[in-house]
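**Q** sequence first, predicted model second:
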Amino acid sequence: MSNSQTLKWQSLSNDHHLAPFSDFKQLKAQGPRIITHGKGVYIWDSEGNKILDGMAGLWCVAIGYGRDELADAASKQMKELAFYNTFFMTAHPPVLELAKAIADLAPAHMNHVFFTGSGSEGNDTVLRMVRHYWALKGKKDKKVIIGRVNGYHGSTVAGASLGGMSGMHEQGDLPIPGIVHIAQPYWFGEGGDMTPEAFGIWAAEQLELKILEVGEDNVAAFIAEPIQGAGGVIIPPASYWPKIKEVLARYDILFVADEVICGFGRTGEWFGSDYYDLKPDLMTIAKGLTSGYIPMGGVIVSDKVVEVLNEGGDFNHGFTYSGHPVAAAVALENLRILREEEILEKVRAQTGPYLQQRLSELSDHPLVGEVRGVGMLGAIELVKDKQTRERFKDKGVGMICRGHCFNNGLIMRAVGDTMIISPPLVISKEEIDELVSKARLCLDLTLAELEANVA
Ligand SMILES: *Cc1c(COP(=O)(O)O)cnc(C)c1O
């Protein structure tokens, strides 16, 4: 089937490449699909197939593929100053201009940025920064960080520990000490007989119970994604964030919003914290910051925290590539495009509502138990019984559906039996129509395959 170029690349993969989040043996048996180029919301594989990328790469390609402006910004900066560090009392223009541009977009009380090379490194920074903050305030015991089951905060030791992915904790003896987890606000999967509203309150109350169990004097921070991404585009019931805010107001702990997915327009607002009116003390960023054109992450820090850190002497933390000039130049150009092309405004007023309306039409499908979404995020729950929300057991329905999607020119990701999408923010209404009709076709093919297997 495959052409000789594809086979050549696949053999290079077999012989030399260890791919992230992959079953190495299965990957060898099957061979990776080779993606060769992209334009707008589409990518092409080495067999010449054109595929609508419903996941924007990995949630990151906000402005779409193939924008010359970002390549030009990188090229210009590489020629000007390819690298210099931001350690030991030096800086360079792009990192300073980017810090200012981000501070202008962030909530009013957040005006400083610590740069990293990725979201995971951002959350490693969070862990060290919040503990350092409390130590400087004379409260060395305030060390414990509360995360959530099935949250995702990256794959470094701190990131995977702060996250609540059991498959990640099983490998490498995680979480590290000083990190605990509470239930996630996943009504469809775990809400049982409760209404979504009651379940949202229950899930938020778990934060208070955990603070009391650990002791307020031992808790440094609570970290959460405004909307869980990798966990399955889990949109909390409307009661959840207001109740969490009530709990946070009662206790002296820091709140960290992991904005790696929600940040830079995914919800139609600049940050998920704007969408839900949260007032975080720190926000982790990455992905959409550069539209994925080059790696970059960071932590946006509130004035309250900066004031304390300012009095603390050296912060003994940083990465060679913190604030990398080429990454900063690309990020600046990406933010310029997001602003000047009014991409968020379009998501908020036009394409976001249109995507949600079109996606919701899939609710009538026999396999679909729920469709939910916000802005340019969506999830489709695949179930055996629409009324009771009962799942298919051990059939891998999500992966079956994902396979049909890939073979029919659409990338949707499967998280268990939840199909998720997060297309480029620049997707047009016509492209949304294509996405939804392909999704319906693939749901039909999945159902047909399930029925054939039963017969
Ligand atoms: C992707 C992601 C991370 C990790 O970012 P990397 O750049 O992969 O290290 C952290 N938090 C959230 C919410 C993410 O989606």
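**A** Cool, the structure landed.
**Q** and Phe114, what are its bridge partners?
**A** With DSSP bridges as the criterion, Phe114 is bridged to Val299.
**Q** state the distance from Glu434 to the ligand.
**A** Plainly put, Glu434 is 26 Å away from the ligand if you go by C-beta to the nearest ligand atom, to the nearest Å. Every residue, glycine included, has its C-beta placed from N, CA and C.
**Q** over to Leu435?
**A** 21 Å.
**Q** try Leu174
**A** As it turns out, when the distance is counted by C-beta to the nearest ligand atom, Leu174 lies 15 Å from the ligand.
**Q** nearest residue to the residue of the stretch 201-350 of the chain found nearest the ligand other than its sequence neighbours?
**A** The minimum distance from the stretch 201-350 of the chain to the ligand, using C-beta to the nearest ligand atom, falls at Val260 (3.5 Å). Nearest non-adjacent residue to Val260, counting by C-beta to C-beta, 6 or more residues apart in numbering: Gly119, 3.9 Å away.
**Q** also His37?
**A** Trp44 (5.3 Å).
**Q** now that neighbour: phi and psi?
**A** phi -120, psi 140 (degrees, to the nearest 10).
**Q** with Leu52 instead?
**A** Dihedral angles (degrees, to the nearest 10) for Leu52: phi -80, psi 120.
**Q** quick one: it and Asn408 touch, right?
**A** No. Using C-beta atoms under 8 Å, Leu52 makes no contact with Asn408, being 9.7 Å away.
**Q** the more surrounded of these two?
**A** More crowded of Leu52 and Asn408, by other C-beta atoms under 10 Å: Leu52, with 25 against 15.
**Q** OK, contacts around the closest residue in space to the more buried one that isn't next to it in sequence?
**A** Excluding the flanking residues, the one nearest Leu52 by C-beta to C-beta, 6+ apart is Leu410, at 5.1 Å. By C-beta atoms under 8 Å, 6 or more residues apart in numbering, the residues touching Leu410 are Ile51, Leu52, Gly54, Leu435, Lys438, Ala439, Cys442.
**Q** where's Leu410 relative to the ligand, distance?
**A** 21 Å.
**Q** ramachandran coordinates for that residue?
**A** phi -140, psi 130.
**Q** quick check: Asn3 touching Thr36?
**A** No. Look at Asn3 against Thr36 with C-beta under 8 Å: they stay out of range, at 11.5 Å.
**Q** and these two? which has more neighbours close in?
**A** More crowded of Asn3 and Thr36, by other C-beta under 10 Å: Thr36, with 13 against 10.
**Q** who wins on neighbours among the contacts of Leu410?
**A** Going by other C-beta under 10 Å, Ala439 tops the contacts of Leu410 with 29 neighbours.
**Q** now do the contacts for the closest residue to the ligand within the stretch 1-150 of the chain.
**A** Residue nearest to the ligand within the stretch 1-150 of the chain: Gly119 (2.3 Å; C-beta to the nearest ligand atom). Counting by C-beta under 8 Å, 6+ apart, Gly119 touches His153, Gly154, Gly159, Asp258, Val260, Thr284, Ile285, Ala286, Lys287, Gly297.
**Q** before we move on, what about Ala56?
**A** Ala62, Gly292, Ser422, Pro423, Pro424, Leu425.
**Q** so which bits of this structure are right by the ligand?
**A** 118-120, 123, 152-154, 225, 229-230, 258, 260-261, 286, 297 (C-beta under 6 Å from any ligand atom).
**Q** which outside residues touch stretch 4-22?
**A** Stretch 4-22 has contacts (C-beta under 8 Å, 6+ apart) with Ser2, Phe24, Leu27, Lys28, Gly31, Pro32, Ile34, Ser46, Glu47, Ser155.
**Q** pull the number of nearby residues for the last one.
**A** When counting by other C-beta under 10 Å, one arrives at 18 neighbours for Ser155.
**Q** go on, the first one?
**A** Around Ser2 sit 14 other residues, with neighbours defined as other C-beta under 10 Å.
**Q** for this structure, give me the ranges with low pLDDT.
**A** Along the chain, the parts satisfying pLDDT under 70 run over 1, 455.
**Q** so what's Ser161 closest to, chain neighbours aside?
**A** In space, Ser161 is closest to Pro175, 3.6 Å off (C-beta to C-beta, 6+ apart).
**Q** ok, that neighbour to the ligand distance?
**A** In terms of C-beta to the nearest ligand atom, Pro175 sits 15 Å off from the ligand.
**Q** now do the SS call for that residue.
**A** Assigned with DSSP: H, G, I helix; E, B strand; the rest coil, Pro175 falls in the coil class.
**Q** would you agree it is in contact with Gly159?
**A** No. The criterion here is C-beta under 8 Å, and Pro175 misses it with Gly159 at 10.4 Å.
**Q** higher neighbour count, the two?
**A** Higher neighbour count among Pro175 and Gly159: Gly159, with 25 against 20, using other C-beta under 10 Å.
**Q** tell me who's in contact with that one.
**A** Gly159 neighbours (C-beta under 8 Å, 6+ apart): Gly119, Ser120, Asn123, Asp124, His153.
**Q** list the contacts for the residue of the stretch 201-350 of the chain closest to the ligand?
**A** Per C-beta under 8 Å, 6+ apart, neighbours of Val260: Trp59, Gly119, Gly122, Gly154, Glu225, Gly229, Thr284, Ile285, Ala286, Lys287, Gly297.
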